[in-house]
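[1] Got a sequence here, can you model it:
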Amino acid sequence: MTSNKTKWLLAGLLCLAPGSGAAGGQSPELTRASDRFAELYAEARYEEALPFAEKALKLGEREFGPDARTTAALLNNLAGLQHTRARYAEAEPLYKRALAIEEKALGPAHPAVATALGNLAGLYNARGRHAAAEPLHRRALAIREKALGPEHPDVATSLNNLALVYQVQGHYAAAEPLHRRALAIREKVLGAEHPDVATSLDNLALLYQAQGRYADAVPPHRRALAIREKALGPGHPDVATSLNGLAEVYHAQGRYAAAEPLYRRALGIREKALGLAHPDVATSVNNMALFRDALGRPAKSGLPYKHARAIWEKALGPGHPDVAKSLSNLAVLYRAQGRYAEAEPLYERALAIETKALGPEHPDVGKSLGNLAVLFHAQGKYAEAKRLIVRSVAILEKSLGPEHPLVGQSLENYATLLQKTGYYSEAAKQHARAKAIQAKHAPQN
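    Modelled structure (predicted):
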């Protein structure tokens, strides 16, 4: 199970108290700390930026008071930095405090309140708390459309973020028009080469990937990569995001020679820019391990998956869906090695995490049910396997559509189980349907 990251765009992330005097009356020391933070953040030098963000907040509280809007901006800066560093527990109270200050100072319908709502919601998304994030994104969108008009870039940000909520919940038909509207706004208002256009392109491509529309995903990923390399430089973390996404598509298409250098470059960028303990590094470690498995060169110990899981558990908490991915991937390796007793609790824990975090009808739940069914089949537990695979197919068909590659894979597993248990006519029917789906999504060379 590969893992890529959708881009939750944090509007207003750097509402600085800059040297231009936007927060009039600030001391030269505060100006220097804020400006240096902005410079380091723009260069993705996040660890170096941290002490300057902390110093700026301390100075701002002393100079303007704890409830001033300048203090809210500085809280937002530090929260955004901690968010980027995946220090989510540290970021959440900062975002909440900034939101409370803005609502008290400006009222509940001001665009600055929408910014604060969107940023807090983005943090919830990063932690897999999508049900908590959705109403915040909806409220932010409503505020911005009314206050700024339907074609403002901040409206595109809210559309992007709400689309991503739908996307991770498997509501693809609801997500696509929001992504397209966000992309159209950004291209019209910001220009075709703006990094926010690349964000929309990458997220639209990831939506296509989730639906098995791999050929459709390649052009937006390529365009996003070109925009980001030109606008941000070749070593920026957002370039790694585009590299990873394009590599995943090539991997899914069986184009391994094209995928490998992109995976490796993405990992190198992330390690250098974000540090070895960042969740995006875990994503690249996980994907490189999956790639080696696909080539028949797995790490027998499962060490890369364990390493990715350790990073995710520390940064995101043990109940995050990314932890479930690493558990499932390690379980797949153990199953292939015949280590069934070790694989089963990993699958079960992954399923429990996904069911709680994403809901019982999410595609990831369907995939985990299918994985557990295959394991039970291998152990001769046919009744348990059939119950799970039938439920898996139903969830995947409902959430992904009847012709998604994962539906084809699950139907093939179901046909094999039916054949094994003597239901030959039904097995042939499911096998034929699976083959038709697989032929439609055959690897492109």
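
[2] Measure how buried A257 is and give me the count.
    Residues lying near A257 (other Cβ atoms under 10 Å) number 7. (Each C-beta comes from the backbone N, C-alpha and C, glycine too.)

[3] Remind me which helix or strand it belongs to.
    Element membership of A257, judged by DSSP states H and E, is helix 256-274.

[4] And the following helix or strand past that helix, what does it pack against?
    Toward the C-terminal end, the helix or strand that comes next after helix 256-274 (DSSP H and E) is helix 279-294. Judged by 3 or more Cβ pairs under 8 Å, 6 or more residues apart in numbering; DSSP states H and E, the packing partners of helix 279-294 are helix 237-252, helix 256-274, helix 303-316, helix 321-336.

[5] Can I get the third one in PDB? Just the C-alpha atoms.
    Provided in PDB are the C-alpha atoms of helix 303-316 (Å, rounded to 0.1, in the frame of the first residue of the first chain):
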ATOM      1  CA  LEU A 303      13.000  -3.300   8.800                       C
ATOM      2  CA  PRO A 304      12.000  -0.400   6.400                       C
ATOM      3  CA  TYR A 305       8.300  -0.900   7.300                       C
ATOM      4  CA  LYS A 306       9.200  -1.000  11.000                       C
ATOM      5  CA  HIS A 307      11.200   2.200  10.600                       C
ATOM      6  CA  ALA A 308       8.400   4.000   8.800                       C
ATOM      7  CA  ARG A 309       5.900   2.900  11.400                       C
ATOM      8  CA  ALA A 310       8.200   4.100  14.300                       C
ATOM      9  CA  ILE A 311       8.400   7.600  12.700                       C
ATOM     10  CA  TRP A 312       4.600   7.700  12.100                       C
ATOM     11  CA  GLU A 313       3.700   6.500  15.500                       C
ATOM     12  CA  LYS A 314       5.900   9.100  17.200                       C
ATOM     13  CA  ALA A 315       4.800  12.000  15.000                       C
ATOM     14  CA  LEU A 316       1.200  11.200  14.400                       C
END
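
[6] list the buried ones in it?
    Buried residues in helix 303-316, counting neighbours by 16 or more other Cβ atoms under 10 Å, are found at 304-309, 311-313, 315-316.

[7] For L123, state which of those residues is nearest.
    L316 (11.3 Å; Cβ to Cβ).

[8] Any figure for the gap between that closest one and R129?
    Plainly put, L316 is 11 Å away from R129 if you go by Cβ to Cβ, to the nearest Å.

[9] ok, now K314?
    18 Å.

[10] So which of the helices and strands packed on helix 279-294 is nearest P51?
    Going by Cβ to Cβ, the one of those nearest P51 is helix 256-274, 17.4 Å.

[11] Next, the buried residues of the closest one.
    259-260, 262-263, 265-267, 269-271, 273-274.

[12] go on, stretch 278-293?
    Here stretch 278-293 shows 278-291, 293 as buried, counting by 16+ other Cβ under 10 Å.

[13] Noted, bye for now.
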